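1. How does the following fold in three dimensions:
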Amino acid sequence: MYNVFSFHTRLLTLKANSMANVKWVVDPTHSEVQFKVKHLMITTVTGYFNTFHVTAETDDENFSGAHDIVFTTDVNSISTNNEQRDTHLKSPDFFDAEQHSEIRFVGTKYENVGGEDFKLHGDLTIRDITKPVTLNVEFGGIVVDPYGQTKAGFTVSGKISRKDFGLTWNAVTEAGSVVVSDEIKLHAEIQLVKQA
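-> Predicted structure coming up:
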């Protein structure tokens with residue numbers, strides 16, 4: 001009986017060691033994070049966060065078991081190609097970058113919904129307000145680049161209400177139109193690099 005128990009213990013240990021976590025970090029030069037918001041309800045303004053970090057872990061190179069997914073961005077890196085507007089977005093009217101310089105998303109569940117489509121559930125924190133958010137993820141696959149690095153690609157999209165996170169500033173035109181919509185569309189192209 002002891003020998004059988006000892007054999008199973010060694011087998012379980014070998015299996016656990018073979019499923020060591022694989023760590024991934026973002027390749028910022030081949031990734032981008034953007035948001036879109038309606039202006040006057042007739043056109044869309046696109047903004048970017050130019051400084052951001054993404055980390056994730058998997059049980060192997062198959063992202064079906066991805067976990068410990070964390071995204072952070074520096075609010076001060078926001079860019080809408082208009083300096084005056086960017087300054088306003090960093091002000092207390094919106095992100096209040098001086099007091100809340102980081103936006104953070106922590107994944108809680110990554111689930112396959114068919115083929116290469118996934119849902120990423122997690123907690124999004126803006127201005128120290130945390131709300132659950134679900135994002136759509138399209139897995140682009142895994143390749144080895146010309147430099148021998150293993151890369152994984154993803155297209156991420158979703159929507160949030162800015163008012164849920166304390167970004168409540170608005171104005172109304174003489175005709176009664178809202179200047180900035182409540183709904184914010186999120187879009188990101190993310191390329192992750194496998195760590196040795």
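
2. Tell me where the model's unsure across the chain.
-> Screening the chain residue by residue with the criterion pLDDT under 70, one finds the ranges 1-20, 172-178.

3. now the helices: where do they sit in this protein?
-> Taking DSSP state H as the test, the helices found in the chain are 2-18, 83-90.

4. buried stuff in the last one?
-> Same thing as helix 83-90. Arg85, Asp86, Leu89, Lys90 (16 or more other Cβ atoms under 10 Å). Every C-beta, even on glycine, is put in place using the N, C-alpha and C of the backbone.

5. tell me, what residue is most central in this protein?
-> Phe71 (4.9 Å; Cα atoms, centre = their mean).

6. thinking that one is in contact with Arg104, fair?
-> Yes. With contacts counted by Cβ atoms under 8 Å, Phe71 reaches Arg104, the gap being 7.1 Å.

7. Quick check: neighbours shared by these two?
-> Taking Cβ atoms under 8 Å, 6 or more residues apart in numbering as the contact criterion, no residue touches both Phe71 and Arg104.

8. so Leu124 touches Gly107, yeah?
-> No. In this structure, Leu124 sits apart from Gly107 without contact. The criterion is Cβ under 8 Å, and the distance is 10.3 Å.

9. what separates the spatially closest residue to Lys38 that is not a sequence neighbour from His39, distance-wise?
-> Counting by Cβ to Cβ, 6 or more residues apart in numbering, Ser181 is the residue found nearest to Lys38 once chain neighbours are left out, at 3.7 Å. Separation of Ser181 from His39 (Cβ to Cβ, to the nearest Å): 8 Å.
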